[in-house]
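Peer 1: can't give you the sequence, but here's the structure:
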């Protein structure tokens with residue numbers, strides 16, 4: 001598949017530094033990089049962003065994640081490879097990604113479970129990673145950004 005146009009971040013390069021700062025901020029509150037990359041991968045799977053799924057796979061492999069944990073993140077609820085904290089983070093990321101799927105976009109039980117495992121700065125990091133990944137997905141999917149093309 002060929003991209004419809006250059007990536008908007010290439011066309012308007014002034015956006016790259018602020019986006020990179022968002023990523024840096026998301027990684028600044030002590031959450032394991034592996035967790036943030038699992039969140040990135042799962043959101044990208046939901047949104048069908050092949051570019052970001054490929055990038056997430058590469059990142060998680062470089063971090064030493066097992067193929068089971070990488071491959072089963074799409075079925076994290078049924079797979080026994082994730083901690084309770086990781087499950088809470090994935091549930092929060094999914095709810096915050098699928099805002100239009102239910103009247104109460106992020107139900108109290110999802111928020112409360114995440115808040116039981118993470119402090120406010122860490123919750124902020126999870127939300128920043130979720131928002132930034134959704135930003136990437138919403139730039140890449142419409143233009144059909146091919147995996148590995150950047």
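Peer 2: Yes, it's here. For clarity, every value in this text was computed on a predicted model and none was experimentally measured.

Peer 1: now the helices for this structure?
Peer 2: For the chain, applying DSSP state H gives helices covering 8-11, 16-26, 33-47, 50-62, 67-71, 84-97, 108-117, 120-143.

Peer 1: Need the contact partners of the first one.
Peer 2: Residues from elsewhere that reach helix 8-11 (Cβ atoms under 8 Å, 6 or more residues apart in numbering): 5, 15, 16, 19, 139, 143. Heads up, the C-betas are built off the backbone N, CA and C, glycines and all.

Peer 1: And the pLDDT at residue 2?
Peer 2: Reading off the confidence values, residue 2 has pLDDT 88.

Peer 1: What distance do you get for the residue nearest in space to the middle of the chain to residue 96?
Peer 2: The chain has residue 40 as the residue nearest its centroid, 2.0 Å off, counting by Cα atoms, centre = their mean. In this view, residue 40 and residue 96 are 13 Å apart by Cβ to Cβ, to the nearest Å.

Peer 1: what's the closest non-adjacent residue to residue 140?
Peer 2: Among residues not flanking residue 140 along the chain, residue 51 sits closest, at 4.6 Å (Cβ to Cβ, 6 or more residues apart in numbering).
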